[in-house]
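Q: need a structure here:
(one chain, ligands or ions: 3)
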Amino acid sequence: MSISVVAGAPVVPGAERVLTPAALEFLDALHAKFGDRRRELLALRTTRRDAVAAGATLDFLPETAEIRAGDWTVAPTPAYLSDRRVEITGPTDRKMTINAMNSGAKVWLADMEDANTPHWPNVIDGQINLADAIRETITLEQGGKSYRLADGEHAVIVMRPRGWHLPEKHLIRAGEPLSGSLVDFGLYFFHNASELLARGRGPAFYLPKMESHLEARLWAEVFAFAEQYCGIPAGSVRATMLIETIWAAFEMDEFLYELRDYASGLNAGRWDYLFSAIKTFRDAGPDFVLPDRNTITMAAPFMKAYSDLLVATCHKRGAYAIGGMAAFIPSKDPAANEVAFAKVRADKTREADAGYEGSWVAHPGLVPVCREIFDAALGDGVNQLDKGRDAQVPGPELLNFKSLQIDGVTPVTEAGLRGNISVALEYLVTWLSGRGAVAIHHLMEDAATAEISRSQVWQWLQAHTMLDTGRMVTVALITEIADAATEDLADAWAEIPHGRNLLADARNLLVDLTTRKNYVDFLTLPAYDLIP
Ligand SMILES: CC(=O)SCCNC(=O)CCNC(=O)[C@H](O)C(C)(C)COP(=O)(O)OP(=O)(O)OC[C@H]1O[C@@H](n2cnc3c(N)ncnc32)[C@H](O)[C@@H]1OP(=O)(O)O
Ligand SMILES: O=CC(=O)O
Ligand SMILES: [Mg+2]
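A: Ligands and ions are numbered 1, 2, ... in the order given. Below is the predicted model of the structure:
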């Protein structure tokens with residue numbers, strides 16, 4: 001069996017550095033060993049969601065009760081990951097790679113996932129940029145500026161590969177596209193694991209969007225195989241798992257247990273979590289319809305329950321709890337900037353008080369505020385593992401979406417509907433153009449936040465939701481708003497190469513995703529079909 005680049009794939013300068021025969025052989029071995037299991041586990045997702053559609057609910061798993069009750073801890077935290085008080089996230093383009101490394105954050109989540117469009121050039125360039133960053137040779141001349149790694153300490157790289165559901169269509173094996181996860185992980189590991197080990201800085205990964213501990217087990221098997229294949233000591237990898245599906249909230253102990261030889265923490269991936277909550281219970285009746293996106297904060301009882309359970313689970317098992325993304329980013333408008341900093345400060349303070357070891361920021365300008373808050377919480381230490389261990393969170397609390405109702409009704413506004421449609425549209429066109437994260441109305445938007453927006457519109461339509469203005473959510477209303485939003489963006493996108501076509505594609509995709517009867521599991525799947 002062998003792997004080839006599909007005919008017609010965009011030519012990417014430097015690809016020969018990444019797609020070496022030996023690296024492709026490694027990808028081949030990974031797919032031979034794990035490809036079938038990946039497909040089985042994706043099918044299991046469908047089976048489990050079908051059960052919810054038929055009336056089942058979610059609960060802690062009876063078959064893993066012993067794991068939850070057991071007395072075990074995860075592998076020791078390596079020195080390079082012992083201080084995670086501030087982590088910056090961002091895509092792996094060359095400029096942002098250098099800026100993230102220089103940002104003053106302890107960790108950089110190098111994102112091939114929520115913040116990345118998997119255009120073939122992004123996939124390959126990202127690998128090149130990471131390899132150069134690891135070896136500290138990365139430079140860039142752009143826009144009259146010279147970018148270099150600053151003297152002194154740089155952020156530790158924790159790479160986030162694509163989730164299990166995403167294919168990599170530019171590489172095929174036996175006529176089938178490869179797995180995006182295995183391509184991102186495999187190329188990064190093959191080229192950099194020894195170098196990272198030698199430098200005492202990895203290899204470390206963030207693992208996204210898992211729904212079952214069996215998916216965590218698959219990652220553990222992949223790590224063990226990769227270490228052996230590349231001649232790296234067993235147990236060298238470190239993994240931080242995102243708890244960002246509602247399913248994962250019921251299996252946090254199990255995730256850590258499956259990856260116990262590799263795990264260094266869990267992260268509260270709040271945006272995908274909310275998306276998963278909506279998606280999973282999208283047709284479960286009025287008690288599962290959620291209100292406007294901007295009203296569902298981490299203070300919502302079901303979000304707080306998830307956050308508390310995450311800290312307790314981590315700390316019981318000797319793992320770090322890493323906070324999530326406050327989506328507010330710095331702005332040139334002083335009033336908006338003040339709001340952004342106040343919101344981020346409040347969010348990070350809540351996390352530090354709850355016992356997290358550190359948290360995420362989306363922008364270098366926010367590193368100092370996060371650091372200041374965690375400096376105060378951590379004092380002379382680097383963790384708060386003795387904090388928050390005793391939280392008891394009954395399963396139903398994780399599903400108490402109803403608590404956001406007012407007088408038995410979920411408040412949904414026309415402004416919320418318009419906001420969801422315009423943000424999802426602008427995100428989609430940006431994604432199609434090759435950028436997976438963008439600032440819209442002073443907020444960071446990425447695949448996870450856009451998933452919430454389009455899923456809410458779908459759910460409100462199916463639930464015949466009445467808006468605060470007295471209008472009902474209908475196909476006609478969604479289409480009317482989408483067309484107006486498209487018109488609003490038309491001039492800006494007309495200036496960009498192929499911009500008109502991209503905008504038309506984004507509009508059509510959005511209307512289809514939100515008004516079709518059969519819900520689409522991930523917007524990135526049909527969107528991926530639209531990119532070269
Ligand atoms: C739900 C989740 O998964 S969250 C995690 C995934 N999402 C992300 O990682 C998003 C990360 N953030 C970003 O991508 C960006 O901040 C954006 C797209 C939201 C805004 O970016 P911009 O519009 O470029 O912001 P802005 O103009 O203020 O940037 C100022 C400088 O900071 C840099 N910068 C901004 N954000 C980042 C970042 N996250 N990492 C590194 N550099 C950054 C810019 O490159 C720019 O550099 P320059 O002055 O050398 O040109
Ligand atoms: O990946 C993070 C999230 O919030 O989603
Ligand atoms: Mg996410």
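Q: Up against ligand 2, what does the stretch 351-500 of the chain have?
A: Ala448 (Cβ under 6 Å from any ligand atom). To be clear about C-beta, it is placed using only N, CA and C from the backbone, and glycine gets the same treatment.
Q: All the helices of the stretch 351-500 of the chain, residue numbers only.
A: Ranges of helices in the stretch 351-500 of the chain, per DSSP state H, counting those that start in this stretch, are 367-378, 395-398, 414-433, 447-462, 475-494, 499-515.
Q: and the ones you listed, which is most packed in?
A: Comparing the helices of the stretch 351-500 of the chain on average neighbours per residue, with mean count of other Cβ atoms under 10 Å, the densest one is helix 447-462 at a mean of 25.
Q: How about the backbone phi and psi for the spatially most central residue of the chain?
A: Nearest to the mean C-alpha position of the chain, by Cα atoms, centre = their mean, lies Asp114 at 4.6 Å. With angles defined as degrees, to the nearest 10, Asp114 sits at phi -50, psi -30.
Q: which ones are touching it?
A: 160, 208, 271-272, 436-437, 446-448 (Cβ atoms under 8 Å, 6 or more residues apart in numbering).
Q: Just the buried ones from those, in PyMOL syntax?
A: Per 16 or more other Cβ atoms under 10 Å, the buried members of the contacts of Asp114 correspond to this PyMOL selection:
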select buried, resi 160+208+271+272+436+437+446+447+448
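Q: Distance to Arg516 and pLDDT for the contacts of Asp114 - can I get that in TSV?
A: Listed next are the contacts of Asp114 as TSV, based on distance: Cβ to Cβ, whole Å; pLDDT from 0 to 100:
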residue	distance to Arg516	pLDDT
Arg160	30	98
Pro208	25	98
Trp271	23	98
Asp272	22	98
Gly436	24	98
Ala437	26	98
Asp446	23	97
Ala447	19	98
Ala448	21	98
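Q: got the contact list for the one residue in the stretch 401-532 of the chain that gets nearest to ligand 3?
A: Going by Cβ to the ion, ligand 3 is nearest to Ala448 of the stretch 401-532 of the chain, at 4.1 Å. Going by Cβ under 8 Å, 6+ apart, Ala448 touches 114, 244, 269, 271-272, 275.
Q: Report the entries of these that also contact ligand 3.
A: 114, 244, 269, 272 (Cβ under 5 Å from the ion).
Q: Which of the helices or strands spans the last one?
A: Taking DSSP states H and E as the criterion, Asp272 maps to helix 270-280.
Q: and that helix, C-alpha only, in PDB?
A: What follows is helix 270-280, C-alpha atoms only, in PDB (Å, rounded to 0.1, in the frame of the first residue of the first chain):
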ATOM      1  CA  ARG A 270     -16.300  25.800  26.100                       C
ATOM      2  CA  TRP A 271     -17.200  26.800  22.500                       C
ATOM      3  CA  ASP A 272     -17.200  23.400  21.000                       C
ATOM      4  CA  TYR A 273     -18.800  22.100  24.200                       C
ATOM      5  CA  LEU A 274     -21.800  24.400  23.700                       C
ATOM      6  CA  PHE A 275     -21.900  23.400  20.000                       C
ATOM      7  CA  SER A 276     -21.900  19.700  21.100                       C
ATOM      8  CA  ALA A 277     -24.700  20.300  23.600                       C
ATOM      9  CA  ILE A 278     -26.900  22.000  21.000                       C
ATOM     10  CA  LYS A 279     -26.000  19.300  18.400                       C
ATOM     11  CA  THR A 280     -26.600  16.400  20.600                       C
END
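Q: low-confidence ranges in the stretch 401-532 of the chain?
A: For the stretch 401-532 of the chain, no stretch has pLDDT under 70.
Q: try 90
A: Residue ranges of the stretch 401-532 of the chain with pLDDT under 90: 403-410.
Q: and it, which residues reach ligand 1?
A: Going by Cβ under 6 Å from any ligand atom, the residues of the stretch 401-532 of the chain near ligand 1 are 437-439, 444, 446, 448.
Q: Val361 is in contact with Val344, correct?
A: Yes - using Cβ atoms under 8 Å, Val344 makes contact with Val361 at a distance of 7.2 Å.
Q: can you list the residues of this protein near ligand 1?
A: Residues of the chain lying close to ligand 1 (Cβ under 6 Å from any ligand atom) are 88-91, 95-96, 99-100, 111, 114-115, 271, 325, 329-330, 362-364, 437-439, 444, 446, 448.
Q: Buried members of the residues you listed into PyMOL, please.
A: To isolate the buried ones among the residues of the chain next to ligand 1 in PyMOL, judged by 16+ other Cβ under 10 Å, type:
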select buried, resi 88+89+90+91+96+99+100+111+114+115+271+325+329+330+362+363+364+437+438+444+446+448
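Q: Which residues of the stretch 201-350 of the chain lie near ligand 3?
A: Residues of the stretch 201-350 of the chain lying near ligand 3 by Cβ under 5 Å from the ion: 244, 269, 272.
Q: Also within reach of ligand 2: list those from the residues you listed.
A: By Cβ under 6 Å from any ligand atom, the members of these lying near ligand 2 are 244, 269, 272.
Q: Tell me how many other residues surround the closest residue to the first one other than its chain neighbours.
A: Spatial nearest neighbour of Glu244, chain neighbours left out: Gly269 (2.9 Å); criterion: Cβ to Cβ, 6 or more residues apart in numbering. Other residues near Gly269 number 26, with proximity taken as other Cβ atoms under 10 Å.
Q: Next up, the contacts around Gly269.
A: 208, 242-244, 324-325, 448.
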